[in-house]
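> I'll drop the sequence and a predicted model, then ask my questions.
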Amino acid sequence: MYKNDTLAPHAPIDGACDTTGGRISLARDAAGLTVEEISAVAGVTAETWANWENDRSEPRANRLDMLAGILQVSIAWLLVGQGEGPTARSR
């Protein structure tokens with residue numbers, strides 16, 4: 001459809017059709033942090049964080065507010081993909 005890929009429209013960062021883990025991963029990537037870095041900030045093990053991102057487990061309700069603050073997204077976006085999502089940030 002487009003002869004030059006640079007002219008193709010870019011999809012916005014949107015996790016509405018993704019899983020909670022996918023949105024957590026997307027927001028971490030947008031923040032420019034590794035699993036090790038963000039898990040240290042959140043006070044959880046890297047294994048716990050990786051389990052959240054890979055949908056092997058979900059953060060408990062009392063952690064969602066903390067995660068939203070660290071990732072600079074809304075709790076609603078983390079849970080269902082609606083509301084304020086991530087924007088790419090430089091480190």
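Yep, that arrived. Residues are numbered from 1 along each chain as shown.

> just the helices in the protein please.
20-31, 35-42, 46-53, 61-71, 75-80 (DSSP state H).

> List the contacts of the first one.
For helix 20-31, contacts defined as Cβ atoms under 8 Å, 6 or more residues apart in numbering pick out 13, 15, 18, 35, 38, 49, 52-56, 58-59, 67, 70-73, 77-79, 81, 85-89. In short, each C-beta sits where N, CA and C put it, glycine included.

> quick one, what contacts Asp18?
Applying Cβ under 8 Å, 6+ apart, we find Asp18 in contact with Leu26, Gly81.

> Name all residues that make contact with Glu36.
With contacts defined as Cβ under 8 Å, 6+ apart, the neighbours of Glu36 are Ala46.

> try Ser57
With Cβ under 8 Å, 6+ apart as the criterion, the residues that contact Ser57 are Thr48, Asn51.

> any idea of the pLDDT on it?
The predicted structure scores Ser57 at 96 on the pLDDT scale.

> Then Gln82?
Note for Gln82: predicted pLDDT of 89.

> Any idea how many residues pack against the nearest residue to it once chain neighbours are set aside?
In space, and not counting its chain neighbours, Gln82 is closest to Ala76: 5.2 Å by Cβ to Cβ, 6 or more residues apart in numbering. By the other Cβ atoms under 10 Å criterion, the neighbourhood of Ala76 contains 14 residues.

> Distance of Ala76 relative to Asp65?
Ala76 sits 12 Å away from Asp65, going by Cβ to Cβ, to the nearest Å.
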